[in-house]
Structures are given as structure tokens and as C-alpha cells.
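**Student:** sharing a model that was predicted from the sequence below.
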Amino acid sequence: MTTLTTITTAARAALLPVALTIALTAGIPDAAAAGPPDPVLVYTFDADDLAAGTIADSSGNGLHGTLVNGSTAVLVDGAGGGRALDLPGGAAGSSGAYVRLPLDALKGKTDLTVSARVRWDGTTAPWQWIYALGKDTTRYLFTTPYNGDGRLRTAVTSSSAGGEAQVTGYTPLPSGSWKTLTVTLDTGAGRVTTYLDGAAVASAATTVTAAQLIDAATTSAGYIGRSFYPDPLFDGAIDDFRVYGAALSAEQVAAVAGGEVPTPTGLTRAEFDVRTTAGTPPALPAAVRASFSDGYDREIDKITIAPFAQRRG
Ligand SMILES: [Ca+2]
């Protein structure tokens, strides 16, 4: 990533090329931190009878889901034992199964976390939504494994597509194996963040709250496996689908993901050229691409510049 400050023609004569060395200081979650809050909805799929058309909520809150087109769904081996829900995908409006979520999964919430274990089949019809939280194409939060550019994308909006805050990975969601996808909507921080297997992939600024994803006319909190747009249905398996009425901290996200959280192993670029005028601190990259121990590149935004800058040339 190269960041250039805005400069005037008159200032060009004073340009100083600066090479910056960026030290890797991504936070590694502290396993001893406080545990996550109680979820408001948990679908394990372990004891569901798909013929009955109901997905049981094991949170104790009674927020059971409705399985639609259930004859095309099957139960498969789960991410950690038990069973998982396998959805066939297919074109919008086809007979592929999806789950409708009860309104109370969103009602009265401000912050939000959605987390699921996902085994995407890797079918690259773009814009399959793993989940759709919200009302319709004006108000929603979703994650797709593969957007129009073939990249993992989360977006949130309360003002249609044009108002989306977009969180985009460098590559698609890895397919063919179980991955834990977690998305936090933190209204205090004003951020929406995507995590993969407990490690943040990227985040974006937003002012949208969970309450703004629905309105008085909304009758459902949305779907698992279906978009609000006429996009393809999600093709893959889902397990341990959870909604929290809070924004989990990075440590709590890691705890929910379980297992070994991927750690940064290096930056894909260790030097960044920036330009500034003499006497003016250079504008530094807000985030940089880093490689991680699981082979999935993520954005790191907690960076320090050390030393502040080395002059080059
Ligand atoms: Ca399960």
C-alpha cells in the first residue's frame, strides 16, 4: 500500500522520499481475558429433525428458526462432532433450502456479533450470502465468501447498497474445510469487523446499529443461506450459528472460535514509500497486508512506525 499526501505544485521541490519500517505489533488475544457474554441465539443442528422444519435454538431464549425448502437440506457431520446443516445452493428462487430467523434475534439490540462455523463448497457463483441479518435490501448485515471480485466480503447498511460499509478480505473464504467466521458490529468503536478462525481479517467504519437493521414493519431477522437480493443461495454447510447482542472483543472472538488462533508471520510488504513536505509528518498507511500462520492474509491496523521514518535518497 502506498500512501501519498496531497501536495501542491509549489511544494514538490521539497519532496522527501521516506522509507518507513513498520514493526509488526498485532495483538495476540489473551486467553485469560473475560469470557464472551451469553448468546441470544445458538443453532447447533445436532438434534434437529429437518422434516419438522424447525431449527432449535439451544440458547434458552426460544429463538427457533424456520427451515424453508427443507427437503433439499441434509444433516452432515458437524465441525466438532454432532451434526451440521448442509445447504445445496442454487439460483435465487430455486428450491434450495435456507433458514428464516426470528425477529427477536435483532430486536432491541445495539451492538451485535454473528458467528458460525462454515464449510463453503467453493462454488464461485458470486454473492452467496452465508447469512442476512436485517429487513430487506435497504437494511442489512451480511457476509459472502466470494463477492464480485472473488473476495470475502462483509457489509452493513441502513441506507441500501450505496450506504454500505464494506469489509473485504484479500481472497475468498477458504472452501472445503470448516472455518469459523465471526462478524462484530461495535457501535462504540464505530466499526464492523470480520474475523476468520478468531483472527481479524479487516474492518471498516460504520455508524449503523443493530436496531437500524430492522424497523417497525420488519417481521423476521433475516436468513441463514439466503440473500435479500436475488443472489445465489449459499452452497455449503453451517454449524454453531450464534448471535450475540453485544460486540465481542478480539479476545472473546478468539475464545468462541476455539482452537489455535492464527498469528501474523510477516508483512507482505515491509517498506512503504510515502512523500511529504519538509517539516510535515507523512501520512502513514492505515492498514497493511500481513501473512498469517494459517496461510490466509489479513489486514493489520495496529501498527507502529519505528523509527518514525528513515529518510532515503
Ligand atoms: Ca453441530
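**Tutor:** All right, it came through fine.
**Student:** which residues of the chain lie near the ion?
**Tutor:** Within the chain, the positions near the ion by C-beta under 5 Å from the ion are 44-46, 78, 82, 239. In this view, the C-beta of every residue, glycine as well, is placed from N, C-alpha and C.
**Student:** out of these, which one sits closest to Thr124?
**Tutor:** In terms of C-beta to C-beta, no member of the residues of the chain next to the ion lies closer to Thr124 than Asp239, at 22.2 Å.
**Student:** need phi/psi at the closest one.
**Tutor:** Per-residue torsions, Asp239: phi -140, psi 160 (degrees, to the nearest 10).
**Student:** follow-up on the earlier one: identify the farthest-apart pair in the residues of the chain next to the ion.
**Tutor:** The largest separation in the residues of the chain next to the ion, counting by C-beta to C-beta, is between Asp46 and Asp239 at 8.9 Å.
**Student:** more crowded one of these two?
**Tutor:** Using other C-beta atoms under 10 Å as the criterion, Asp46 and Asp239 rank with Asp239 on top: 25 against 15.
**Student:** quick one: which helix or strand includes the nearest residue to the more buried one once chain neighbours are set aside?
**Tutor:** Using C-beta to C-beta, 6 or more residues apart in numbering and skipping the chain neighbours, the partner closest in space to Asp239 is Ala84 (3.7 Å). Using DSSP states H and E, Ala84 maps to strand 83-90.
**Student:** repeat for Ser59
**Tutor:** Going by DSSP H and E, Ser59 is not in any helix or strand.
**Student:** would you agree it is in contact with Leu41?
**Tutor:** Yes. Applying C-beta atoms under 8 Å as the test, Ser59 and Leu41 come out as touching, 5.5 Å apart.
**Student:** these two: which is more packed in?
**Tutor:** Neighbours per residue (other C-beta under 10 Å) separate Ser59 from Leu41, with Leu41 holding more: 25 against 17.
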